[in-house]
Each structure stands twice: as C-alpha cells, then as structure tokens.
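# missing the sequence, but the structure's below:
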DNA sequence: GGACTTTTGTGCGCTAACGTCCATAAGTAC
DNA sequence: GTACTTATGGACGTTAGCGCACAAAAGTCC
C-alpha cells in the first residue's frame, strides 16, 4: 500500500483505536500536496485538518512587511490545523507545503465531532499539540541564540526525519525563507558543510552524507525537540540516531 | 475583595459557569508568589496548575549552557501548567515569577478530572492554550527579525497589560535575562526611551510615561498577539489602547 | 558617615548576519 | 547550440548586538 492510499502512514491516525478510526476514516479523503502550496493562510478559516503521510508542511508566521519565519515543521508524525479543535478556528500562521506528497484531510466538523467524544482521538491530538508547542518554543530560543549554520543543520535534520531518504528537494532560496534569513547566508553555510563533506547539493537537491557530523554541528535544539516528541508521542518515535544511520548504509 | 482572596480576579476562572466553578474552587488554594520564584523547572513533574490573579509568570526555555529566552508571559488572563491537561505532564520550559503577587492553584488531578468532563473548563483551557501558542509563535518571529529596542518595547507593553499600574518592578539585568539579550543592550535601549520621554526608570523601577509612543516604537508583534488574545478570549480582553490610556490620567 | 552591594552607564574591539550588486554555473526551451 | 531562466557563489561595506572591563551612581548596612 502506498502513502497515497494508506492513511495509516500518518502516525496519529495509525495509533487510533479501531472505533475512532472507523468513524474518522469515513470522512477522510486523500489529497496531493504540491511544493509551495499554501494550505492555510494566516487568519483564514480552515475547512480541513490535514494528516500528512509523506508530505511535509511548514508553519510560518508572516509579518506585514513580508518577512517570515518558520515556527514548526509537520510531517507524518502530526497534523496541520490544531486551531480547529483548540477552539479558535483560525491561527495567525500560514501553512506551506515544504515537501510535496500525500496527505489525508478531514472536514473540520467531523474532526471536531470526534474530538468532543473526549476519547482516544482527543488524547492523541492534545498530546501532539503539546509536542508542537515544544517545537515552537525551542524554535524561539534557537532564533535568539544560535548561528545561522546551527539552525540550518537543525532544520536539515528535522526535515530529514520526516522524509524517507537522506535526500531533500529544496533550493537555498526557499530554505532561507523558512529560516527567515538571507539566501546568501544559507549559501555560505551550505558551502561550508559541503566542503566538510557533511552534505552535497546542487540546484535544489541536498543529500546528507554524514548525519552524525550534521548532528554535531547542529545546536542542541534538534535533540531536545526530538526527545520531547519521542516522550509525548511514544507510538511513533521519529528516527533515532541509530535508525537514521541505518538508512544511509 | 482583594486579589489575594478572590480567585475570580483570574479571567479564566471568572468565565467558568457556576457548576464547573463550584467543583473546581473546592480544590483551589491561594498562594503568594515571590519575584524570582521558580514555579516549574524544565522537565520536572508539575503537581499544580496556577491561576495568577495579580502576579505575572514568565515561561522560559533554558539551554544547557544557561542561555535562555522567554517564550511567553502569563498574567491574570491565563494559567500556568498546560502540560497537565494536554497530556504530557511536564514541559521543557521553566516558569518563573516575573512580578510577585497572588495566584490560586489547583492540584493536577482535580483539574484533569474537571477537564475530562469535556465541558466549559475544557473549552476555556484549550482556547487559552491556543492563545499561548500564538504568543509563542510571534515571539519566535520577533526574536528573528526585530531589534532589541523593539522587543524591549513589546515586552514592556505585554507586562504592563498584566499589571494594575503603569509601573513595573524589574531590573534591567532581569529584563535582559527574559529577553535573552545582554544587560548592556537593555541599558542602552532603556536610556534611549528615557531620553525620548517614553519611560522613566531608576534602580529596578520602570514607569511608562507615554504609552502611545511606546506602542509606536514596538514592533507589530505586540499588537498581533493582543488582538489574537482578544479574539480567542473575548470574555476578558487585555486593555485596549483606549482603556490603557485612561489609566494614566 | 563610611563600607558595602546592587544597579546602571560607557567604552572598547569583535563578529555574525545584513543589504546590495553582480558573476558564474547549471539546467530548460526552442 | 543559442537564448533564457533558475540556482549558487562571491565581494563589497554596514550594523546590531556581543563579550569584556571598568566607572559611576544609588541604595543598604553598620
């Protein structure tokens, strides 16, 4: 079964008990998300909640002058659209597809309905929300204290953890946009990493060659968030160092 | 009735319907919080949820080298301890008393119990959590893009909104700690604001003289968060520009 | 009123990241 | 293969904020 046809490739959906799963899946539809697509616009009503399977979504805060910064990344471990069950309906953040692929979506009212059963779904969604909160908080500290290169490494690792291979399709321009930094800054950092043999890249295609080194060059933020995710969402730990290393053999 | 004896000075508690209020208040106790007191340590179990009445709590992310940054401020519009109902139990953040005063606290299990009724309390707490998420996200962008002075202004405004007067007790050293910047940087920014007649201060006592100017000098982040709080928590809007101005007459 | 602590002020040199501008290279269309 | 677009590389000068070291006030204690 491919990602496109199997919602259970999303870890939140996979962990639901049968009853909740049946109710929810009846109202679920597959969608293809293209790179760059905007799923939610800041402040706009959100008709659907999205459960990525092999796509990655970036949550960005955008300012009036156009400057922006990514505050969280969502892959198949999570969902996009917490405002729908948290009660606000909208958020001031934008959700952009960072890596194209599949997702499943559920209409707001069905999700809310199931959420209000106060059962397994609720518990899972709230836990995920807490994980997301951690990611956001750590991003805030990271923005304050760490170098562009460290943040770039962190970002690579987080993206990598949500992708099937050690390769990643993304121009430096887009990465700069995510991180809220200058494109040239990313070019320099990437250049250094390439010279060091940690990654290799060309025209929007980055390959991670030496993940352990990448983790060393990253700030602690990556690891803090990874561990907190593992604690909060024990049913689907993101790749550990060991399992990630295996992928590169 | 003073803040110390009236839990309803906390807006979340005040908005609860009678039934939920009765159940919860039976398990509530007043506490005095002293400036600098650490309510929660990062990763430590949280036995209580705190509802500030006239105190202010800072949520900080602390890194292994001791560097830190405030990711949110909580006053009488909110509560400290979302991890208790979100399911994680702990968070990687530290909660420190930024302005001494009163609060009420409820034992974790009672709050969780009431939360699981899926009633008014749940709705209120989740909405507040979303507001907190907004604040955190905006803080992250702010850390990335805005100047120390702008952030200082934002911080002053946010603190002010949670205090009864236009005065604030806090050394520049502590403010620097909150913002995750150098103390000297705060000194300079504060000096400029004082020269401009926007604030006046001496030895840990800051008075805001010209709030409108302060709002102009702040980045948009303050206003974005304020409005989102007003939208999500309509029962207790933080002071508007108008009402805040009145206080200075 | 003198010794101390706490808080604020100031003056360095230093560096990471910025804004800008332009050059190269690698793909893409025809 | 030539023209075009997109992606990356490199080179400016500029600046905000850092780390450090120390001076000057402003309170506090005795």
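That came in fine, so what should we check first? In this text the structure is predicted, and so the values were computed from the model without any measurement.

# At the geometric centre of chain A, which residue do we find?
residue A:74 (2.1 Å; CA atoms, centre = their mean).

# quick one: residue A:168 and residue A:158 touch, right?
No: contact criterion CB atoms under 8 Å: residue A:168 and residue A:158 do not qualify, at 10.8 Å. C-betas here are computed from N, CA, C, even on glycine.

# hang on, the earlier thing: who touches the nearest residue to the residue nearest to the centre of chain A once chain neighbours are set aside in this structure?
Of all residues not flanking residue A:74 in the chain, residue A:57 sits nearest, at 4.6 Å (CB to CB, 6 or more residues apart in numbering or on different chains). Counting by CB atoms under 8 Å, 6 or more residues apart in numbering or on different chains, residue A:57 touches A:33, A:39, A:50, A:73-75, A:80, A:95-98, A:103.

# Same check on residue A:63?
Contacts of residue A:63 (CB under 8 Å, 6+ apart): B:141, B:145, B:220.

# Secondary structure element holding the first one?
So that's residue B:141. For residue B:141, the enclosing helix or strand under DSSP states H and E is helix B:120-145.

# Is that helix positioned near DNA strand C?
No: using CB under 7 Å from any atom of the strand, helix B:120-145 stays clear of DNA strand C, coming no nearer than 7.6 Å.

# what about residue A:236, neighbour count?
Around residue A:236 there are 15 other residues, counting by other CB atoms under 10 Å in any protein chain shown.

# about what we covered before: ChimeraX command to pick out the buried ones of the contacts of residue A:63?
One line in ChimeraX is enough to select the buried members of the contacts of residue A:63, burial here meaning 16 or more other CB atoms under 10 Å in any protein chain shown:
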select /B:141,145,220
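
# Can you pull the phi/psi pair for the nearest residue to residue A:8 once chain neighbours are set aside?
Take residue A:8 and drop its neighbours on the chain: the residue closest to it by CB to CB, 6+ apart is residue A:14, 4.3 Å away. According to degrees, to the nearest 10, the main-chain angles of residue A:14 amount to phi -60, psi -30.

# pLDDT below threshold where in chain A?
Where chain A drops to pLDDT under 70, the residues are A:1-4, A:237-249.

# quick one: the residue of chain A most remote from its centre and DNA strand D, what's the gap?
Here chain A reaches farthest from its C-alpha mean at residue A:195, the gap being 27.8 Å by CA atoms, centre = their mean. Using CB to the nearest atom of the strand, to the nearest Å, residue A:195 is found at 9 Å from DNA strand D.

# Distance check, that residue against residue A:188.
Using CB to CB, to the nearest Å, residue A:195 is found at 11 Å from residue A:188.

# Spell out which residues of chain A are next to DNA strand C.
Residues of chain A that fall close to DNA strand C, judged by CB under 7 Å from any atom of the strand: A:146-149, A:180-182, A:184-185, A:202-203.

# In a helix, residue A:184, correct?
Yes: Residue A:184: assigned to a helix according to DSSP: H, G, I helix; E, B strand; the rest coil.

# mind listing the strands for chain A?
For chain A, the strands defined by DSSP state E occupy A:28-33, A:38-40, A:48-52, A:56-62, A:68-74, A:93-99, A:101-107, A:167-169, A:199-201, A:205-208.

# how about JSON lines for these, with distance to residue B:129 added?
Formatted as JSON lines, the strands of chain A follow (distance: least, CB to CB, whole Å):
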{"stretch": "strand A:28-33", "distance to residue B:129": "25"}
{"stretch": "strand A:38-40", "distance to residue B:129": "18"}
{"stretch": "strand A:48-52", "distance to residue B:129": "17"}
{"stretch": "strand A:56-62", "distance to residue B:129": "16"}
{"stretch": "strand A:68-74", "distance to residue B:129": "15"}
{"stretch": "strand A:93-99", "distance to residue B:129": "15"}
{"stretch": "strand A:101-107", "distance to residue B:129": "21"}
{"stretch": "strand A:167-169", "distance to residue B:129": "32"}
{"stretch": "strand A:199-201", "distance to residue B:129": "37"}
{"stretch": "strand A:205-208", "distance to residue B:129": "35"}
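
# re earlier: next, see if the helix holding residue B:141 gets close to DNA strand D.
No: using CB under 7 Å from any atom of the strand, helix B:120-145 never reaches DNA strand D; the gap is at least 9.5 Å.

# In TSV, list the contacts of residue A:63 along with distance to chain A.
Formatted as TSV, the contacts of residue A:63 follow (distance: CB to the nearest CB, whole Å):
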residue	distance to chain A
B:141	4
B:145	5
B:220	6
